[in-house]
Structures are given as C-alpha cells and as structure tokens.
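In: sequence below, structure please.
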Amino acid sequence: MLTALACAGGAGSPPTSGGVQGTATPIAFAQQPVDRGSVPTAVVIEQSGTASPAGIQFEDGCVTGQAAGMPGRGQVFGSGVSIVVDVDSIQTFSRAVADTSSVVCRGGVGQNDVQQLVARLNGVPGMTVVDYTWPGR
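Out: All right, here's what the predicted structure looks like:
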C-alpha cells in the first residue's frame, strides 16, 4: 500500500515551483457485500448439568470468593475462615480474595491473624468488612 501511495503522490516527479512536490492522490477502496448466509452458526445440541449461580466467583489457593454482583456484598471463605465484605468493584473484591488467601492458606490461622487481616481489608478504599469468623469462633 505504501508503494501505491508513493507512486500516486508523484514521488518520481520533479518539484513544482517553490520546491514543493505535488499532492498525493487519495485512493478509495471498494467495499464488497458479504453473504452471511454461508457463515456457520453455533447450535446447542444438548444442554446438561446445572446452571451456574448468578454473580462472580474467584478461587485463590484454599479460599473461594462469591458475590451476587458488583458493587455489592461478597463472601470469602476457606479453612474455617469466613469474611463478608461490601465492595465497590470486581477488582476490589478480587483483592479481598487474594489478601484472605495470603493469610488463610498458610495454615494455623488464629484470632490475631484474622483480626489483622480484617484491619488490612478495612483499609482498602472501596471495601468494608461487614462480618467475619475464624476456626473456633
């Protein structure tokens, strides 16, 4: 295409008076109609299994995060720890899942660990911890 423009623009022609070359001639491309009748389409032959629950679900290590929608309320749980959060976006909820995983998945989680995690989650803009439990509570 560059060759076509260079030739159309008179790249080989001598400069006009004043030292400026001739202007390039625009090239128009014709659009051809497409027959979409010959394009294959997907057809559901058999539907099996159960429908996925509405909302989103994240899994990270040994925890799972589930939420009905964003913004909204979600729950992160695993290894006996359960944290309920209100979040403003999917990214914020994903961070709640990742932060919870970093604490819960290393094992031996106690009250102090969970309380520190809750304090960290409450410090994230757009996130509020509504409720939480840990093993033994």
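In: now the strands: where do they sit in this structure?
Out: Secondary structure of the chain by DSSP state E: the strands cover 56-60, 63-67, 72-78, 81-87, 127-133.
In: for the second one, which outside residues touch it?
Out: The reference is to strand 63-67. By CB atoms under 8 Å, 6 or more residues apart in numbering, the list of residues contacting strand 63-67 from outside reads 53, 55-59, 73-79, 81, 87, 93-94, 96-97, 100-101, 104-105. Where you see a C-beta, it was placed from the backbone N, CA and C, and this is true even at glycine.
In: parallel or antiparallel, which strands does it pair with?
Out: With DSSP bridges as the test, strand 63-67 is paired with strand 56-60 (antiparallel), strand 72-78 (antiparallel).
In: measure stretch 70-82 end to end?
Out: From the first residue to the last, stretch 70-82 extends over 19 Å; the measure is CA to CA, to the nearest Å.
In: quick revisit: in terms of mean pLDDT, which of the strands paired with strand 63-67 ranks lowest?
Out: Mean pLDDT is lowest for strand 56-60 among these, at a mean of 91.
In: any stretches of this structure with poor pLDDT?
Out: The model of the chain has pLDDT under 70 over residues 1-22, 24-53.
In: regarding the chain, what is its longest helix?
Out: Ranked by number of residues, the top helix in the chain under DSSP state H is helix 90-104.
In: winner for burial among the strands paired with strand 63-67?
Out: Neighbour counts (mean count of other CB atoms under 10 Å) averaged over each of the strands paired with strand 63-67 peak at strand 72-78, with a mean of 20.
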